[in-house]
Each structure stands twice: as C-alpha cells, then as structure tokens.
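Visitor: return a 3D structure for these sequence lines:
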Amino acid sequence: MSFKGVLIIIGIVALGVVITFGVEEIRFRSMSRALVTEVKTLREENQGLQAKNDDLSEETKTLKAELEAKTQEYEGKISQLEEEVKEIETANQDVEALRAEVKTLKEKNQDLQAKNDDLTEQIKTLKAQLEVKTQEYEEKISELEEKRRSLQEKVRQLEEVINKVRTILAEKE
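Guide: The predicted structure is shown next:
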C-alpha cells in the first residue's frame, strides 16, 4: 500500500470521526434544547411553589453557555477531538442530571398539587362549618333579643301597674 493510499485511508477515517462527531453534536444539541424547554415549562407551572426553580434556571443558562463555547471550540480544533468527546460525555451526564431533576420537579409538583387540593377541601369544610355556626348564633341572638323585648314589655307594664298603685295609695292617704 502506498503512502498516498495510507493518507486517503487516514483522511476517510478522520472524515468518519468528524461526521460521527457532528451527528452526536446535533443529537446532543437537540436533546439539550428539548430538555431546556421542558425545564422552562415546569418552572412556569411551579412558580411560587418551588424556590429551587431559580437555581435550576441559572444552572440551565450556565450549561447552555458552556455548550455554545464548546461547540465553537469543536469546530476549530479537530485535533482535540478526544478531549471534546470527554466534554460531551460530561455534558451527557448533565443532561441525565437535568432529566432526573425534571422528574423530581414533576413529582414535587404533583405532591404540592395534592396538598393544595387537600387544603382547598379543608377550607371549604371550615367555611361550611363557619356558616352553620354563624347561623346558629344568629338564631340564638334573635331568640334572646325577642326574650329581652318581651321582658322589657313586662317590666314596662309592671311599672305602669306600680305607678297606678302608688297613685291610688297616694289618693287614699
């Protein structure tokens, strides 16, 4: 085999490695973008329920910036292919960590939703109890006010009788 043939084979192998790298990079970018979108959606749903979402957003921005920097570096440095593959493997671990975090956020969201549903049900029950108690107290107050009016009327009538008796007694003296 000639030197030229060896160079052609090396060129073909290098081209295959570059193409494989490009395909992996596209797949990795696609997976990364899909996961970033899903994380952002979950943050919107969980806003106010989970303070941890802010940290995840910052981590996502950092990962995106790192991926862009690494992508530019890969395009200019085919000779550093081996190092770049290691960095992609590290980024894949980050993607897996994001997947795990997405799963955790979904579970926490479900738990929080269940707790909110329970609290809403408790509030409804307490409001109903409050209404029943309020009605009972209002009925009792009405009843007592009626008794008071009746007693006041009786006191007024007694005072009239007492005044008449005094008048009669005063006339007899």
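
Visitor: host element of Leu169?
Guide: Taking DSSP states H and E as the definition, one finds Leu169 inside helix 81-172.

Visitor: now for that helix, which elements pack on it?
Guide: Contact here means 3 or more CB pairs under 8 Å, 6 or more residues apart in numbering; DSSP states H and E; on that basis helix 81-172 packs against helix 3-46, helix 52-76. Using the backbone N, CA and C atoms, a C-beta is placed for each residue, glycine as well.

Visitor: out of these, nearest to Gln122?
Guide: Gln122 sits nearest to helix 3-46 of all those, at 22.1 Å, using CB to CB.

Visitor: quick one: list the elements packing against the closest one.
Guide: Going by 3+ CB pairs under 8 Å, 6+ apart, helix 3-46 lies up against helix 52-76, helix 81-172.

Visitor: pLDDT below threshold where in this protein?
Guide: Low-confidence segments of the chain (pLDDT under 70): 1, 42-43, 46-57, 59, 67, 70-82, 84, 173.

Visitor: go with 50
Guide: The model of the chain has no residue with pLDDT under 50.

Visitor: kindly provide the distance from Ile19 to Ile123.
Guide: Going from Ile19 to Ile123 by CB to CB, to the nearest Å gives 61 Å.
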